[in-house]
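**Student:** no sequence for this one, just the structure:
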């Protein structure tokens with residue numbers, strides 16, 4: 001899920017003379033960068049990627065991410081001893097549901113494009129963050145885990161949890177919010193914070209049966225953050241390794257042209 005917070009910036013002479021522009025809604029901000037014809041970007045050295053929307057409406061996008069690869073081989077039939085380089089594109093489908101504060105993204109797993117789906121989306125977010133204006137949003141990417149996967153993991157582990165780390169973007173609303181969330185947001189408002197990062201440790205074992213832990217875990221289940229749990233150095237749970245998956249048929253593949261009802265079906269699949 002894409003979680004958005006207000007961009008942090010430092011006062012300088014430019015900010016004194018630059019007129020302040022109104023901040024768009026989260027949906028309008030994301031659509032303005034993801035729907036307008038696509039873009040090329042290079043997240044790391046020698047990795048060239050192309051993002052291109054295929055079908056889009058006001059709140060949903062079906063797109064592709066293409067990675068340009070160079071292959072060396074003997075391709076000339078008339079001269080099989082000559083080594084040549086040719087370019088080809090590997091494709092991965094990417095789907096967005098940006099309406100009703102969902103901001104949920106589905107990524108096709110194609111390791112020729114990216115080893116990790118989260119890395120693919122993180123690279124897109126980093127590119128947009130680098131070019132978007134200072135008075136807009138910072139995009140954060142968190143895995144959307146299976147419901148109850150945290151509790152299933154810690155309960156089935158059979159031993160005490162000695163370390164618990166939360167990393168959350170707090171301005172994003174969470175369904176069925178509890179008072180612990182309100183208190184956490186009050187703390188951030190006091191210090192003008194945007195992101196809550198907390199680690200709790202106890203070698204004798206942490207108490208997980210309390211409103212704060214339950215509420216923080218609920219936020220991570222909604223895609224507003226991540227959580228990791230350890231027991232004396234042993235990894236018990238990580239949001240990044242508990243992402244939801246779904247199988248799609250060929251009609252969702254990348255191709256030009258009208259796809260009747262595709263975006264409505266995507267919206268029904270991509271829900272937090």
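**Tutor:** It's in. This one's a predicted model, so the numbers in the text were calculated from it and none came from an experiment.

**Student:** So, low pLDDT: which residues of this protein?
**Tutor:** Scanning the chain for pLDDT under 70 picks out 8-21, 170-194, 249-261.

**Student:** Most distant residue from the centre of it?
**Tutor:** Residue farthest from the centre of the chain, counting by CA atoms, centre = their mean, is residue 78 at 48.1 Å.

**Student:** can you tell me how far that residue sits from residue 237?
**Tutor:** Distance of residue 78 to residue 237, given as CB to CB, to the nearest Å: 59 Å. Yep, even glycine has a C-beta here, placed from its N, CA and C like the rest.

**Student:** Could you say which helix or strand holds residue 32?
**Tutor:** Using DSSP states H and E, the element containing residue 32 is helix 26-34.

**Student:** And the helices in the stretch 51-200 of the chain?
**Tutor:** Under the criterion DSSP state H, counting those that start in this stretch, the stretch 51-200 of the chain carries helices at the ranges 117-131, 149-157, 179-191.

**Student:** just to revisit the earlier point, now find how far off-centre the helix or strand following the helix holding residue 32 is within its chain.
**Tutor:** Once the chain leaves helix 26-34, the next helix or strand it forms, by DSSP H and E, is strand 39-44. On the basis of CA atoms, centre = their mean, to the nearest Å, strand 39-44 sits 17 Å off its chain's mean C-alpha point.

**Student:** now the angle from strand 39-44 to helix 117-131?
**Tutor:** 110 degrees (axes from the mean of the first three to the mean of the last three CA atoms, to 10 degrees).

**Student:** What strands line up against strand 39-44, and which way round?
**Tutor:** strand 47-56 (antiparallel) (DSSP bridges).

**Student:** what's in contact with the strand it pairs with?
**Tutor:** 31, 34-35, 37-43, 61-68, 89, 94, 113, 123-124, 254-256, 258-259, 262-263 (CB atoms under 8 Å, 6 or more residues apart in numbering).

**Student:** Which secondary structure element is home to residue 235?
**Tutor:** strand 234-238.

**Student:** May I see the buried residues of that strand?
**Tutor:** 236, 237, 238 (16 or more other CB atoms under 10 Å).

**Student:** Relative to residue 237, how far out is the nearest residue to residue 97 once chain neighbours are set aside?
**Tutor:** Among residues not flanking residue 97 along the chain, residue 270 sits closest, at 3.7 Å (CB to CB, 6 or more residues apart in numbering). From residue 270 over to residue 237 the distance is 24 Å, taken as CB to CB.

**Student:** Likewise for residue 218?
**Tutor:** For residue 218 relative to residue 237 (CB to CB), the value is 15 Å.
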